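S.K.: sequence? don't have it. structure:
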(Lines give C-alpha, C1' and ligand atoms only; values in the text may rest on other atoms or scores of the structure.)
Protein backbone atom coordinates (compact mmCIF):
# COMPACT_ATOMS: atom_id res chain seq x y z
CA UNK A 1 0.00 0.00 0.00
CA UNK A 2 2.75 2.39 1.07
CA UNK A 3 4.81 1.54 -2.03
CA UNK A 4 1.70 2.19 -4.15
CA UNK A 5 1.28 5.59 -2.55
CA UNK A 6 4.98 6.32 -2.96
CA UNK A 7 4.76 5.42 -6.64
CA UNK A 8 1.78 7.68 -7.07
CA UNK A 9 3.60 10.52 -5.30
CA UNK A 10 6.64 9.98 -7.52
CA UNK A 11 4.46 10.01 -10.65
CA UNK A 12 2.87 13.24 -9.40
CA UNK A 13 6.27 14.84 -8.87
CA UNK A 14 7.41 13.75 -12.33
CA UNK A 15 4.21 15.06 -13.91
CA UNK A 16 4.67 18.42 -12.17
CA UNK A 17 8.31 18.67 -13.28
CA UNK A 18 7.39 17.91 -16.90
CA UNK A 19 4.40 20.29 -16.73
CA UNK A 20 6.79 23.03 -15.52
CA UNK A 21 9.08 22.28 -18.48
CA UNK A 22 6.10 22.53 -20.83
CA UNK A 23 5.09 25.86 -19.27
CA UNK A 24 8.65 27.20 -19.64
CA UNK A 25 8.50 26.31 -23.35
CA UNK A 26 5.19 28.16 -23.69
CA UNK A 27 6.65 31.20 -21.88
CA UNK A 28 9.59 31.29 -24.30
CA UNK A 29 7.19 31.36 -27.25
CA UNK A 30 4.63 33.86 -26.00
CA UNK A 31 4.18 35.23 -29.55
CA UNK A 32 2.70 31.90 -30.61
CA UNK A 33 -0.13 32.46 -28.11
CA UNK A 34 -1.16 35.73 -29.80
CA UNK A 35 -3.13 34.34 -32.79
CA UNK A 36 -5.19 32.30 -30.33
CA UNK A 37 -6.22 35.50 -28.58
CA UNK A 38 -6.41 37.94 -31.49
CA UNK A 39 -8.53 35.85 -33.90
CA UNK A 40 -11.36 34.98 -31.49
CA UNK A 41 -11.49 38.55 -30.20
CA UNK A 42 -11.56 39.89 -33.76
CA UNK A 43 -14.33 37.46 -34.71
CA UNK A 44 -16.30 38.43 -31.61
CA UNK A 45 -15.85 42.14 -32.41
CA UNK A 46 -17.04 41.67 -36.00
CA UNK A 47 -19.89 39.26 -35.23
CA UNK A 48 -21.26 41.46 -32.45
CA UNK A 49 -21.53 44.31 -34.97
CA UNK A 50 -23.00 42.31 -37.85
CA UNK A 51 -25.37 39.84 -36.23
CA UNK A 52 -27.28 42.32 -34.04
CA UNK A 53 -30.45 41.83 -36.11
CA UNK A 54 -30.26 38.06 -35.67
CA UNK A 55 -31.05 38.46 -31.96
CA UNK A 56 -34.68 39.17 -32.94
CA UNK A 57 -35.05 35.91 -34.86
CA UNK A 58 -37.54 33.50 -33.25
CA UNK A 59 -35.51 30.71 -31.64
CA UNK A 60 -32.53 32.87 -30.75
CA UNK A 61 -31.88 32.68 -27.00
CA UNK A 62 -32.71 35.79 -25.01
CA UNK A 63 -29.42 37.62 -24.52
CA UNK A 64 -28.33 41.14 -23.59
CA UNK A 65 -26.02 41.29 -26.62
CA UNK A 66 -24.43 39.06 -29.23
CA UNK A 67 -21.19 39.31 -27.23
CA UNK A 68 -22.83 37.45 -24.32
CA UNK A 69 -23.95 34.76 -26.75
CA UNK A 70 -20.56 34.34 -28.41
CA UNK A 71 -18.39 34.33 -25.23
CA UNK A 72 -18.27 30.51 -24.85
CA UNK A 73 -17.48 30.08 -28.57
CA UNK A 74 -14.70 32.65 -28.37
CA UNK A 75 -13.13 30.93 -25.36
CA UNK A 76 -13.23 27.52 -27.02
CA UNK A 77 -11.83 28.95 -30.24
CA UNK A 78 -9.03 30.67 -28.29
CA UNK A 79 -7.96 27.60 -26.37
CA UNK A 80 -8.22 25.31 -29.39
CA UNK A 81 -5.47 27.35 -31.09
CA UNK A 82 -2.91 26.02 -28.61
CA UNK A 83 -4.71 22.74 -28.03
CA UNK A 84 -2.47 20.71 -30.27
CA UNK A 85 0.72 22.06 -28.62
CA UNK A 86 0.94 19.05 -26.29
CA UNK A 87 1.10 16.89 -29.41
CA UNK A 88 3.43 19.04 -31.51
CA UNK A 89 5.91 19.35 -28.62
CA UNK A 90 5.78 15.61 -27.99
CA UNK A 91 6.46 15.07 -31.70
CA UNK A 92 9.37 17.53 -31.44
CA UNK A 93 10.75 15.57 -28.46
CA UNK A 94 10.48 12.39 -30.55
CA UNK A 95 12.12 14.07 -33.57
CA UNK A 96 15.07 15.49 -31.63
CA UNK A 97 15.68 12.38 -29.49
CA UNK A 98 14.71 13.87 -26.11
CA UNK A 99 11.82 11.39 -25.89
CA UNK A 100 14.22 8.43 -26.15
CA UNK A 101 16.29 9.88 -23.30
CA UNK A 102 13.11 10.26 -21.19
CA UNK A 103 12.24 6.63 -21.94
CA UNK A 104 15.70 5.51 -20.80
CA UNK A 105 15.36 7.51 -17.55
CA UNK A 106 13.39 6.22 -14.54
CA UNK A 107 10.37 8.39 -15.46
CA UNK A 108 7.03 6.58 -15.68
CA UNK A 109 5.30 6.72 -19.07
CA UNK A 110 2.06 8.40 -18.02
CA UNK A 111 3.75 11.52 -16.53
CA UNK A 112 5.54 12.08 -19.85
CA UNK A 113 2.15 12.55 -21.49
CA UNK A 114 0.36 14.19 -18.56
CA UNK A 115 3.17 16.69 -17.95
CA UNK A 116 2.82 18.12 -21.45
CA UNK A 117 -0.96 18.19 -21.16
CA UNK A 118 -0.78 19.88 -17.74
CA UNK A 119 1.29 22.71 -19.21
CA UNK A 120 -1.15 23.37 -22.06
CA UNK A 121 -4.14 23.19 -19.70
CA UNK A 122 -2.61 25.92 -17.49
CA UNK A 123 -2.04 28.10 -20.58
CA UNK A 124 -5.63 27.43 -21.69
CA UNK A 125 -6.95 28.53 -18.31
CA UNK A 126 -4.88 31.72 -18.64
CA UNK A 127 -6.23 32.39 -22.13
CA UNK A 128 -9.82 31.76 -21.04
CA UNK A 129 -9.38 34.17 -18.11
CA UNK A 130 -8.02 36.81 -20.49
CA UNK A 131 -10.95 36.42 -22.91
CA UNK A 132 -13.45 36.58 -20.04
CA UNK A 133 -11.75 39.76 -18.74
CA UNK A 134 -11.94 41.43 -22.17
CA UNK A 135 -15.62 40.53 -22.56
CA UNK A 136 -16.37 41.84 -19.05
CA UNK A 137 -14.68 45.15 -19.98
CA UNK A 138 -16.98 45.36 -23.01
CA UNK A 139 -20.06 45.02 -20.85
CA UNK A 140 -20.81 41.29 -20.80
CA UNK A 141 -22.24 40.00 -17.53
CA UNK A 142 -21.74 36.37 -16.55
CA UNK A 143 -25.02 35.66 -14.82
CA UNK A 144 -23.62 32.51 -13.23
CA UNK A 145 -21.41 34.75 -11.07
CA UNK A 146 -17.94 33.88 -9.84
CA UNK A 147 -18.75 30.18 -9.55
CA UNK A 148 -19.97 30.18 -13.16
CA UNK A 149 -16.82 31.97 -14.29
CA UNK A 150 -14.61 29.40 -12.56
CA UNK A 151 -16.55 26.58 -14.24
CA UNK A 152 -16.14 28.26 -17.65
CA UNK A 153 -12.36 28.53 -17.19
CA UNK A 154 -12.10 24.95 -15.91
CA UNK A 155 -14.13 23.74 -18.91
CA UNK A 156 -11.65 25.44 -21.26
CA UNK A 157 -8.73 23.71 -19.52
CA UNK A 158 -10.47 20.31 -19.67
CA UNK A 159 -11.28 20.73 -23.35
CA UNK A 160 -7.62 21.40 -24.08
CA UNK A 161 -6.73 18.17 -22.27
CA UNK A 162 -9.11 16.34 -24.64
CA UNK A 163 -7.67 18.04 -27.75
CA UNK A 164 -4.12 17.57 -26.44
CA UNK A 165 -4.71 13.83 -25.85
CA UNK A 166 -5.85 13.48 -29.45
CA UNK A 167 -2.81 15.41 -30.67
CA UNK A 168 -0.55 13.13 -28.60
CA UNK A 169 -2.05 10.04 -30.24
CA UNK A 170 -1.18 11.63 -33.61
CA UNK A 171 2.30 12.56 -32.38
CA UNK A 172 3.11 9.03 -31.20
CA UNK A 173 1.71 7.47 -34.35
CA UNK A 174 3.27 9.84 -36.89
CA UNK A 175 6.28 11.18 -34.95
CA UNK A 176 5.91 14.34 -37.03
CA UNK A 177 5.13 17.88 -35.87
CA UNK A 178 3.71 18.71 -39.31
CA UNK A 179 1.23 15.84 -39.17
CA UNK A 180 0.08 16.87 -35.69
CA UNK A 181 -0.35 20.49 -36.80
CA UNK A 182 -2.52 19.23 -39.65
CA UNK A 183 -5.15 18.14 -37.10
CA UNK A 184 -5.83 21.77 -36.17
CA UNK A 185 -8.09 22.55 -39.16
CA UNK A 186 -10.23 19.55 -38.15
CA UNK A 187 -10.71 21.03 -34.70
CA UNK A 188 -11.42 24.45 -36.20
CA UNK A 189 -14.09 22.95 -38.47
CA UNK A 190 -15.70 21.04 -35.58
CA UNK A 191 -15.96 24.30 -33.63
CA UNK A 192 -17.63 25.96 -36.61
CA UNK A 193 -20.02 23.03 -37.09
CA UNK A 194 -21.36 23.47 -33.57
CA UNK A 195 -23.40 26.04 -31.65
CA UNK A 196 -20.27 28.16 -31.10
CA UNK A 197 -21.33 31.07 -33.31
CA UNK A 198 -25.05 30.55 -33.89
CA UNK A 199 -27.80 28.59 -32.11
CA UNK A 200 -28.45 25.13 -33.52
CA UNK A 201 -32.19 25.86 -33.31
CA UNK A 202 -31.72 28.29 -36.20
CA UNK A 203 -29.86 25.80 -38.38
CA UNK A 204 -31.60 23.30 -40.63
CA UNK A 205 -31.31 19.87 -42.28
CA UNK A 206 -28.29 17.60 -41.95
CA UNK A 207 -26.09 20.48 -40.78
CA UNK A 208 -28.35 21.06 -37.77
CA UNK A 209 -28.21 17.34 -36.87
CA UNK A 210 -24.44 17.39 -37.19
CA UNK A 211 -24.15 20.47 -34.99
CA UNK A 212 -26.57 19.10 -32.39
CA UNK A 213 -24.59 15.86 -32.11
CA UNK A 214 -21.22 17.58 -31.94
CA UNK A 215 -19.56 17.20 -28.48
CA UNK A 216 -18.43 20.84 -28.80
CA UNK A 217 -22.12 21.83 -28.80
CA UNK A 218 -22.71 19.66 -25.72
CA UNK A 219 -19.91 21.60 -24.02
CA UNK A 220 -20.80 25.08 -25.28
CA UNK A 221 -24.54 25.03 -24.61
CA UNK A 222 -24.36 24.54 -20.80
CA UNK A 223 -21.48 27.06 -20.61
CA UNK A 224 -23.65 29.53 -22.53
CA UNK A 225 -26.53 28.99 -20.12
CA UNK A 226 -24.16 29.79 -17.23
CA UNK A 227 -23.36 33.07 -19.00
CA UNK A 228 -26.81 34.17 -20.12
CA UNK A 229 -29.21 32.50 -17.68
CA UNK A 230 -27.36 32.10 -14.39
CA UNK A 231 -25.99 29.44 -12.08
CA UNK A 232 -27.25 25.89 -12.42
CA UNK A 233 -25.53 22.87 -10.90
CA UNK A 234 -26.65 20.61 -13.75
CA UNK A 235 -25.23 23.00 -16.37
CA UNK A 236 -21.98 23.23 -14.41
CA UNK A 237 -21.80 19.45 -14.24
CA UNK A 238 -22.53 19.02 -17.94
CA UNK A 239 -20.04 21.68 -19.02
CA UNK A 240 -17.29 19.99 -17.00
CA UNK A 241 -18.43 16.43 -17.61
CA UNK A 242 -18.38 16.38 -21.41
CA UNK A 243 -14.80 17.64 -21.88
CA UNK A 244 -13.65 15.58 -18.87
CA UNK A 245 -15.06 12.40 -20.43
CA UNK A 246 -13.47 13.29 -23.78
CA UNK A 247 -10.16 14.00 -22.02
CA UNK A 248 -10.22 10.61 -20.27
CA UNK A 249 -10.91 8.85 -23.58
CA UNK A 250 -8.19 10.65 -25.55
CA UNK A 251 -5.55 10.48 -22.80
CA UNK A 252 -6.20 6.76 -22.29
CA UNK A 253 -5.90 6.43 -26.07
CA UNK A 254 -2.57 8.24 -25.97
CA UNK A 255 -1.24 6.00 -23.17
CA UNK A 256 -2.38 2.91 -25.04
CA UNK A 257 -0.82 4.12 -28.30
CA UNK A 258 2.45 4.82 -26.48
CA UNK A 259 2.48 1.37 -24.87
CA UNK A 260 1.74 -0.31 -28.21
CA UNK A 261 4.47 1.72 -29.89
CA UNK A 262 7.02 0.83 -27.19
CA UNK A 263 6.10 -2.85 -27.29
CA UNK A 264 6.53 -2.87 -31.07
CA UNK A 265 10.00 -1.40 -30.49
CA UNK B 1 11.45 48.03 -75.17
CA UNK B 2 12.14 46.45 -78.60
CA UNK B 3 10.03 43.68 -80.11
CA UNK B 4 12.77 41.16 -79.38
CA UNK B 5 12.94 42.15 -75.71
CA UNK B 6 9.15 42.00 -75.45
CA UNK B 7 9.14 38.56 -77.01
CA UNK B 8 11.87 37.33 -74.61
CA UNK B 9 9.97 38.74 -71.60
CA UNK B 10 6.74 37.10 -72.74
CA UNK B 11 8.53 33.76 -73.07
CA UNK B 12 9.99 34.10 -69.54
CA UNK B 13 6.62 35.07 -68.05
CA UNK B 14 4.96 32.12 -69.80
CA UNK B 15 7.69 29.74 -68.62
CA UNK B 16 7.31 30.92 -65.01
CA UNK B 17 3.54 30.49 -65.21
CA UNK B 18 3.81 27.00 -66.77
CA UNK B 19 6.44 25.99 -64.20
CA UNK B 20 3.98 26.91 -61.44
CA UNK B 21 1.22 24.84 -63.04
CA UNK B 22 3.59 21.90 -63.47
CA UNK B 23 4.46 22.20 -59.79
CA UNK B 24 0.79 21.59 -58.95
CA UNK B 25 0.69 18.60 -61.30
CA UNK B 26 3.83 17.15 -59.73
CA UNK B 27 2.67 17.77 -56.15
CA UNK B 28 -1.16 17.98 -56.12
CA UNK B 29 -1.03 18.03 -52.32
CA UNK B 30 0.03 21.70 -52.61
CA UNK B 31 -3.34 22.73 -54.01
CA UNK B 32 -5.55 20.52 -51.80
CA UNK B 33 -5.82 22.99 -48.86
CA UNK B 34 -6.56 25.80 -51.32
CA UNK B 35 -9.50 23.84 -52.73
CA UNK B 36 -10.76 22.15 -49.57
CA UNK B 37 -10.67 25.19 -47.28
CA UNK B 38 -13.20 27.34 -49.21
CA UNK B 39 -15.45 24.31 -49.71
CA UNK B 40 -15.49 23.70 -45.95
CA UNK B 41 -16.08 27.41 -45.38
CA UNK B 42 -19.05 27.63 -47.74
CA UNK B 43 -20.66 24.61 -46.06
CA UNK B 44 -19.94 25.91 -42.53
CA UNK B 45 -21.00 29.51 -43.13
CA UNK B 46 -24.14 28.48 -45.02
CA UNK B 47 -25.05 25.84 -42.44
CA UNK B 48 -24.46 28.06 -39.42
CA UNK B 49 -26.00 31.27 -40.72
CA UNK B 50 -28.80 29.89 -42.93
CA UNK B 51 -31.50 31.62 -40.86
CA UNK B 52 -30.13 35.08 -41.73
CA UNK B 53 -32.08 34.84 -44.99
CA UNK B 54 -35.28 35.17 -42.93
CA UNK B 55 -34.34 38.73 -42.03
CA UNK B 56 -35.68 41.43 -44.37
CA UNK B 57 -33.07 42.94 -46.64
CA UNK B 58 -30.66 39.98 -46.74
CA UNK B 59 -30.93 39.89 -50.52
CA UNK B 60 -31.62 36.20 -51.15
CA UNK B 61 -33.61 33.35 -49.69
CA UNK B 62 -30.87 30.81 -50.40
CA UNK B 63 -27.85 31.32 -48.14
CA UNK B 64 -25.57 29.54 -50.66
CA UNK B 65 -26.24 32.32 -53.19
CA UNK B 66 -24.78 34.74 -50.65
CA UNK B 67 -21.94 32.65 -49.21
CA UNK B 68 -20.64 30.87 -52.34
CA UNK B 69 -19.10 34.00 -53.95
CA UNK B 70 -17.58 34.92 -50.55
CA UNK B 71 -16.02 31.49 -50.07
CA UNK B 72 -14.88 31.48 -53.72
CA UNK B 73 -13.07 34.78 -53.20
CA UNK B 74 -11.52 33.45 -49.98
CA UNK B 75 -10.24 30.44 -51.89
CA UNK B 76 -8.96 32.68 -54.68
CA UNK B 77 -7.13 34.94 -52.24
CA UNK B 78 -5.42 31.98 -50.61
CA UNK B 79 -4.66 30.54 -54.05
CA UNK B 80 -2.93 33.84 -54.84
CA UNK B 81 -0.90 33.73 -51.64
CA UNK B 82 -0.06 30.08 -52.32
CA UNK B 83 1.31 31.10 -55.72
CA UNK B 84 3.88 33.23 -53.92
CA UNK B 85 5.00 30.13 -52.03
CA UNK B 86 6.97 28.92 -55.05
CA UNK B 87 8.79 32.27 -55.23
CA UNK B 88 9.58 32.09 -51.50
CA UNK B 89 10.98 28.57 -52.00
CA UNK B 90 13.07 29.77 -54.97
CA UNK B 91 14.46 32.67 -52.92
CA UNK B 92 15.28 30.41 -49.96
CA UNK B 93 17.06 27.79 -52.07
CA UNK B 94 18.91 30.27 -54.29
CA UNK B 95 17.15 29.40 -57.57
CA UNK B 96 15.65 32.89 -57.73
CA UNK B 97 19.14 34.42 -58.06
CA UNK B 98 19.59 32.36 -61.21
CA UNK B 99 16.17 33.47 -62.50
CA UNK B 100 17.29 37.08 -62.08
CA UNK B 101 20.06 36.37 -64.61
CA UNK B 102 17.56 35.46 -67.36
CA UNK B 103 17.44 37.79 -70.38
CA UNK B 104 14.63 40.31 -70.72
CA UNK B 105 12.80 42.47 -68.25
CA UNK B 106 12.67 41.16 -64.68
CA UNK B 107 9.03 42.17 -64.58
CA UNK B 108 8.42 39.00 -66.60
CA UNK B 109 9.13 36.99 -63.41
CA UNK B 110 6.47 39.04 -61.66
CA UNK B 111 3.95 38.71 -64.49
CA UNK B 112 4.50 34.95 -64.72
CA UNK B 113 3.93 34.44 -60.98
CA UNK B 114 0.83 36.64 -61.01
CA UNK B 115 -0.54 34.76 -64.03
CA UNK B 116 0.06 31.44 -62.29
CA UNK B 117 -1.75 32.68 -59.18
CA UNK B 118 -4.71 33.93 -61.23
CA UNK B 119 -5.00 30.52 -62.91
CA UNK B 120 -4.82 28.75 -59.53
CA UNK B 121 -7.86 30.78 -58.43
CA UNK B 122 -10.07 28.94 -60.93
CA UNK B 123 -9.75 25.68 -58.95
CA UNK B 124 -11.26 26.78 -55.59
CA UNK B 125 -13.86 28.95 -57.35
CA UNK B 126 -15.06 26.00 -59.43
CA UNK B 127 -14.99 23.65 -56.42
CA UNK B 128 -17.11 26.04 -54.34
CA UNK B 129 -19.63 26.47 -57.16
CA UNK B 130 -19.94 22.72 -57.72
CA UNK B 131 -20.45 21.92 -54.02
CA UNK B 132 -22.92 24.77 -53.63
CA UNK B 133 -24.87 23.53 -56.66
CA UNK B 134 -24.87 19.96 -55.39
CA UNK B 135 -25.77 20.45 -51.75
CA UNK B 136 -27.07 23.98 -51.52
CA UNK B 137 -29.21 24.38 -54.63
CA UNK B 138 -27.19 27.39 -55.77
CA UNK B 139 -28.82 29.39 -58.55
CA UNK B 140 -27.28 31.94 -60.90
CA UNK B 141 -30.00 34.40 -61.93
CA UNK B 142 -27.33 36.55 -63.59
CA UNK B 143 -26.51 33.67 -65.96
CA UNK B 144 -23.24 33.54 -67.86
CA UNK B 145 -22.45 37.18 -67.06
CA UNK B 146 -22.83 36.38 -63.38
CA UNK B 147 -20.33 33.54 -63.70
CA UNK B 148 -17.92 35.72 -65.68
CA UNK B 149 -17.98 38.49 -63.05
CA UNK B 150 -17.32 35.93 -60.30
CA UNK B 151 -14.36 34.34 -62.11
CA UNK B 152 -13.02 37.78 -63.04
CA UNK B 153 -13.21 38.95 -59.43
CA UNK B 154 -11.64 35.69 -58.17
CA UNK B 155 -8.71 35.80 -60.60
CA UNK B 156 -8.13 39.49 -59.89
CA UNK B 157 -8.22 39.03 -56.11
CA UNK B 158 -5.70 36.21 -56.48
CA UNK B 159 -3.51 38.68 -58.39
CA UNK B 160 -3.89 41.38 -55.71
CA UNK B 161 -2.89 39.06 -52.89
CA UNK B 162 -0.16 37.41 -54.97
CA UNK B 163 1.34 40.88 -55.52
CA UNK B 164 0.93 41.69 -51.82
CA UNK B 165 2.69 38.43 -50.97
CA UNK B 166 5.48 39.24 -53.40
CA UNK B 167 6.02 42.66 -51.75
CA UNK B 168 6.49 40.88 -48.42
CA UNK B 169 8.55 37.94 -49.73
CA UNK B 170 10.91 40.14 -51.76
CA UNK B 171 11.50 42.16 -48.60
CA UNK B 172 11.72 39.43 -45.94
CA UNK B 173 12.96 36.62 -48.22
CA UNK B 174 11.29 33.80 -46.30
CA UNK B 175 8.35 31.44 -46.74
CA UNK B 176 7.35 32.08 -43.16
CA UNK B 177 6.69 35.77 -43.88
CA UNK B 178 3.62 34.71 -45.91
CA UNK B 179 1.83 34.32 -42.56
CA UNK B 180 1.64 38.12 -42.51
CA UNK B 181 -0.19 38.17 -45.85
CA UNK B 182 -2.58 35.47 -44.64
CA UNK B 183 -3.47 37.59 -41.62
CA UNK B 184 -3.96 40.62 -43.86
CA UNK B 185 -6.12 38.63 -46.28
CA UNK B 186 -8.22 37.16 -43.48
CA UNK B 187 -8.80 40.63 -42.03
CA UNK B 188 -9.62 42.24 -45.41
CA UNK B 189 -12.22 39.59 -46.23
CA UNK B 190 -13.65 39.41 -42.74
CA UNK B 191 -14.22 43.16 -42.39
CA UNK B 192 -16.33 43.36 -45.54
CA UNK B 193 -19.82 42.49 -46.76
CA UNK B 194 -18.74 38.83 -46.81
CA UNK B 195 -21.36 37.36 -44.49
CA UNK B 196 -24.06 40.04 -44.25
CA UNK B 197 -25.09 43.12 -46.26
CA UNK B 198 -23.84 46.53 -45.20
CA UNK B 199 -27.29 47.46 -43.91
CA UNK B 200 -27.00 44.73 -41.23
CA UNK B 201 -23.80 46.20 -39.80
CA UNK B 202 -23.50 48.71 -37.01
CA UNK B 203 -20.89 51.05 -35.56
CA UNK B 204 -17.23 50.81 -36.57
CA UNK B 205 -17.81 47.70 -38.68
CA UNK B 206 -20.29 49.54 -40.94
CA UNK B 207 -17.73 52.29 -41.61
CA UNK B 208 -14.81 49.88 -42.06
CA UNK B 209 -16.72 47.56 -44.41
CA UNK B 210 -18.00 50.52 -46.47
CA UNK B 211 -14.46 51.86 -46.94
CA UNK B 212 -12.95 48.42 -47.58
CA UNK B 213 -12.39 47.99 -51.36
CA UNK B 214 -12.92 44.22 -50.92
CA UNK B 215 -16.63 45.00 -50.26
CA UNK B 216 -16.90 46.46 -53.78
CA UNK B 217 -15.21 43.39 -55.24
CA UNK B 218 -17.57 41.11 -53.32
CA UNK B 219 -20.57 43.01 -54.66
CA UNK B 220 -19.15 42.64 -58.17
CA UNK B 221 -18.63 38.89 -57.66
CA UNK B 222 -21.95 38.27 -55.96
CA UNK B 223 -24.37 40.29 -58.11
CA UNK B 224 -25.03 37.50 -60.62
CA UNK B 225 -26.07 35.20 -57.77
CA UNK B 226 -28.58 37.67 -56.32
CA UNK B 227 -30.05 39.02 -59.56
CA UNK B 228 -29.01 40.41 -62.92
CA UNK B 229 -25.55 41.86 -63.54
CA UNK B 230 -25.75 45.66 -63.52
CA UNK B 231 -23.16 48.24 -64.50
CA UNK B 232 -23.67 50.32 -61.33
CA UNK B 233 -22.59 47.29 -59.23
CA UNK B 234 -19.87 46.28 -61.66
CA UNK B 235 -17.83 49.45 -62.05
CA UNK B 236 -17.02 50.08 -58.35
CA UNK B 237 -15.66 46.55 -58.14
CA UNK B 238 -13.59 46.97 -61.29
CA UNK B 239 -12.20 50.30 -60.04
CA UNK B 240 -11.32 48.73 -56.65
CA UNK B 241 -9.54 45.84 -58.37
CA UNK B 242 -7.66 48.12 -60.76
CA UNK B 243 -6.55 50.35 -57.87
CA UNK B 244 -5.42 47.42 -55.70
CA UNK B 245 -3.54 45.77 -58.59
CA UNK B 246 -1.85 49.07 -59.49
CA UNK B 247 -0.72 49.85 -55.95
CA UNK B 248 0.43 46.33 -55.02
CA UNK B 249 1.98 45.88 -58.50
CA UNK B 250 3.99 49.08 -58.08
CA UNK B 251 5.43 48.00 -54.74
CA UNK B 252 6.06 44.42 -55.89
CA UNK B 253 7.95 45.64 -58.97
CA UNK B 254 10.00 48.01 -56.81
CA UNK B 255 10.79 45.16 -54.40
CA UNK B 256 11.86 42.91 -57.27
CA UNK B 257 14.19 45.51 -58.77
CA UNK B 258 15.76 46.08 -55.35
CA UNK B 259 16.61 42.36 -55.28
CA UNK B 260 18.40 42.60 -58.62
CA UNK B 261 22.20 42.46 -58.20
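M.R.: Structure received. For clarity, every value in this text was computed on a predicted model and none was experimentally measured.

S.K.: For residue A:224, see how far away residue A:62 is.
M.R.: 12 Å (C-beta to C-beta, to the nearest Å). In short, each C-beta sits where N, CA and C put it, glycine included.

S.K.: actually residue B:189, not the one I wrote
M.R.: 27 Å.

S.K.: With adjacent residues omitted, what lies nearest to the closest residue to chain B within the stretch 1-150 of chain A?
M.R.: The minimum distance from the stretch 1-150 of chain A to chain B, using C-beta to the nearest C-beta, falls at residue A:49 (3.6 Å). Among residues not flanking residue A:49 along the chain, residue B:205 sits closest, at 3.6 Å (C-beta to C-beta, 6 or more residues apart in numbering or on different chains).

S.K.: need the contact list for the one you found.
M.R.: Residue B:205 sits next to A:45, A:46, A:49, A:50, B:191 when contact means C-beta atoms under 8 Å, 6 or more residues apart in numbering or on different chains.

S.K.: nearest to residue B:158, of those?
M.R.: Minimum distance to residue B:158 across the contacts of residue B:205 is 19.6 Å, recorded for residue B:191 (C-beta to C-beta).

S.K.: Residue numbers of chain B in contact with chain A?
M.R.: Contact residues, chain B versus chain A (C-beta under 8 Å from any C-beta of the partner chain): B:33, B:37, B:40, B:43-44, B:46-52, B:54-55, B:187, B:190-191, B:195-196, B:200-206.

S.K.: where's the most centrally placed residue in chain A, which helix or strand?
M.R.: The residue lying closest to the centre of chain A (C-alpha atoms, centre = their mean) is residue A:160, at 2.4 Å. Per DSSP states H and E: residue A:160 is located in helix A:145-174.

S.K.: Equivalent analysis for residue B:115, please.
M.R.: Here residue B:115 is assigned to helix B:107-120, by DSSP H and E.

S.K.: that older thread, secondary structure class for the residue of the stretch 1-150 of chain A closest to chain B?
M.R.: helix (DSSP: H, G, I helix; E, B strand; the rest coil).

S.K.: now it: how far from residue A:66?
M.R.: For residue A:49, the distance to residue A:66 - C-beta to C-beta - is 8 Å.

S.K.: Could you pull up the residues touching the residue most central in space within chain B?
M.R.: Centroid-nearest residue in chain B: residue B:158, 2.4 Å away (criterion: C-alpha atoms, centre = their mean). Contacts for residue B:158 (C-beta under 8 Å, 6+ apart) come out as B:76, B:77, B:79, B:80, B:83, B:117, B:118, B:120, B:121.

S.K.: ok, and the helix or strand in chain B with the lowest average confidence?
M.R.: Using mean pLDDT, DSSP states H and E, helix B:3-26 stands out as the lowest-scoring helix or strand of chain B, at a mean of 81.

S.K.: helices and strands around the helix ranked longest in chain A, which ones?
M.R.: As assigned by DSSP state H, the longest helix anywhere in chain A is helix A:233-264. Packed against helix A:233-264, as judged by 3 or more C-beta pairs under 8 Å, 6 or more residues apart in numbering or on different chains; DSSP states H and E, are the following elements: helix A:109-137, helix A:145-174, helix A:215-228.

S.K.: My guess is the residue of the stretch 1-150 of chain A closest to chain B contacts residue B:202. True?
M.R.: Yes. Shown here, residue A:49 and residue B:202 form a contact pair, counting by C-beta atoms under 8 Å, at 5.1 Å.
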